[in-house]
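> Here you go, sequence then predicted model.
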Amino acid sequence: MTGASSPRPAGRRRDQLIALGWLVVVWNLLWGHFSPANVLTGLLVGGAVLLFFPLPSVSFGGRLRPRAVLVLAGTFVTELVSASIHVAAIAVRPGFRPRGAIIGVPLRVRTDLNLALTAELISLVPGTLIVEVDREAGVLYVHVLDVRSPADLTGSRDRILAVEERIVRAVGSEAELRQLTTAPTEAP
């Protein structure tokens, strides 16, 4: 019987073929045009990359929830626009020197997929940047811009945990949804 951490061989081959397809597309885009020679060399280079640098298997035990995905996307776009305006206002404000801080945010769902998705969405929003990920402890260390008080730090932690919650509600399993009700522990 195959466990959740080791995908079936057919699923693994499918994932490798999808990765190979994307590598061929990227190879051709880097060369600037699609040609039979570029497709062939892309297949060879992509095959070598997958052979010598195999991708780790990532298990997905969740379920895609379309309504929650729309909430995640809509909230992300709203935060993206709001943060962009805020960072632009800081940039054009004469003489203002914003203070930054690095905070540790322990996530409640510590799967590799959740860590990666949360880190990606956080890094895409202007004013926040992932500095380090402690995979074992499930902690994201995030640099935040324009910190004026301890309340700003608490607000930043709450926003990051809200992003994690929206991701889990969009693509998480039932067990991961239950983990959202646990209070996060303090980061070291």
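That came through, no problem.
> quick one, domains of this structure?
The record assigns the chain these domain ranges, following automatic domain parsing: 9-52, 66-179.
> Kindly reformat those as TSV containing mean pLDDT and mean neighbour count.
Every C-beta, even on glycine, is put in place using the N, C-alpha and C of the backbone. Converted to TSV, these look like this (pLDDT from 0 to 100; neighbours: other Cβ atoms under 10 Å):
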stretch	mean pLDDT	mean neighbour count
domain 9-52	87	13
domain 66-179	93	16
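> Just give me how far the top helix by length along the chain sits from the chain centre.
Determined from DSSP state H, the single longest helix within the chain is helix 66-92. Taking the mean of its C-alpha atoms, helix 66-92 sits 15 Å from the chain's own mean (Cα atoms, centre = their mean, to the nearest Å).
> same deal with stretch 15-27?
20 Å.
> Ok, stretch 149-156 next?
22 Å.
> swap in stretch 144-163?
Relative to the centre of its chain, stretch 144-163 is centred 18 Å away, using Cα atoms, centre = their mean.
> Likewise for stretch 77-96?
That offset, for stretch 77-96, works out to 22 Å (Cα atoms, centre = their mean).
> cool, and stretch 158-170?
Here the centre of stretch 158-170 is set off from its chain's centre by 11 Å, with Cα atoms, centre = their mean.
> No further questions, thank you.
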